[in-house]
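Enquirer: how would this look folded up:
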Amino acid sequence: MKKKLLICLAMLVCILGLTACGQEMTENSFTTKDQAKQAGEATCEQLAALQQMLAMYGVSMSEYVEMSGGNPEDAALDIAAMNSWIDASEEFGSFVSVLGDETEVTITEDKADIRVKIQGDKVYKDNKQRTATVEIVVTEKGYESITVSTDYDMSELMTKAALNTLLGMGTVFLVLILISLLISCFNFIPKIQEKFRKKPVQAESTSAPVKAEPAAAAVEETDDTELIAVIAAAIAASEGAASADGYVVRSIIRR
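Expert: As a prediction, this is how the structure comes out:
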């Protein structure tokens, strides 16, 4: 329990130390390069220590600010700086030390730009350890921004530039190929339309020979002739005539 309490107190000290850097500074606090250099290198060490403590508890910077009773909006600069540090640490690894000889400070009337070079433990080609640059901008009101970026050598930069170029050109050519394929498909559209238009005509031509109307008419005529003969013969028999030649049936009404 005492150990956890000591860890919490140590984290709180780091938080307060980092936040104090964001408080309003006096005129002489960043007017000299030595003071700006010391402030920038101290900030890098505080960020490294804070990262280890956040990893120990498995929480993010914003979550820890809320756990410690702070307001994430007031600590926006600290949260952004810590997130930038954590993202860059995926490339340079764990913090080893500050390369003080390579720290650069540029001071103007109202601003101090500090570039601190730090050493990581991640090794890449030729057994070189990866480095990163922490860019800190300080004004009269305090820290304005803190960003961390991994350093790459010329061969790595050229490789990334070549890959980006190939990716961009490949995407453009792929889109052009798709457009050309779509345009070539326009030649087949009229042919497909003609096929759909011809199908109903063929159906009509195939169904045209099959017609039963004349046969039905012929059947009706033969039926009427036989019926007329039967009716005339019946009338002649009822009248006592020898034949039905004198009788004419003009119309038959069916009901």
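Enquirer: now for residue 141, how many residues are close by?
Expert: 11 (other C-beta atoms under 10 Å). All C-beta spots, glycine's among them, are computed from the backbone N, C-alpha and C.
Enquirer: distance check, it against residue 116.
Expert: 21 Å (C-beta to C-beta, to the nearest Å).
Enquirer: surely residue 112 meets residue 138?
Expert: Yes. Using C-beta atoms under 8 Å, residue 112 is in contact with residue 138, at 4.5 Å.
Enquirer: can you confirm residue 96 is in a helix?
Expert: No. Going by DSSP: H, G, I helix; E, B strand; the rest coil, the assignment for residue 96 is strand, not a helix.
Enquirer: can you pull the contacts of it?
Expert: For residue 96, the contacting residues are 118-121, 129, by C-beta atoms under 8 Å, 6 or more residues apart in numbering.
Enquirer: surely residue 71 is in a helix?
Expert: No. Counting by three-state DSSP, residue 71 falls outside a helix, being coil.
Enquirer: surely it meets residue 65?
Expert: Yes. Taking C-beta under 8 Å as the definition, residue 71 is a contact partner of residue 65 at 7.4 Å.
Enquirer: show me the shaky parts of this protein.
Expert: For the chain, residues meeting the criterion pLDDT under 70 lie at 1-31, 198-224, 240-255.
Enquirer: kindly recompute the last result at 80.
Expert: Counting by pLDDT under 80, the chain contains low-confidence ranges at 1-31, 109, 125-126, 156, 188-255.
Enquirer: check which residues of whichever helix in it runs longest are buried.
Expert: Looking across the chain with DSSP state H, the single longest helix is helix 154-185. Residues of helix 154-185 include none that count as buried (16 or more other C-beta atoms under 10 Å).
Enquirer: quick one: that helix to chain centroid distance?
Expert: The gap between where helix 154-185 is centred and where its chain is centred comes out at 19 Å by C-alpha atoms, centre = their mean, to the nearest Å.
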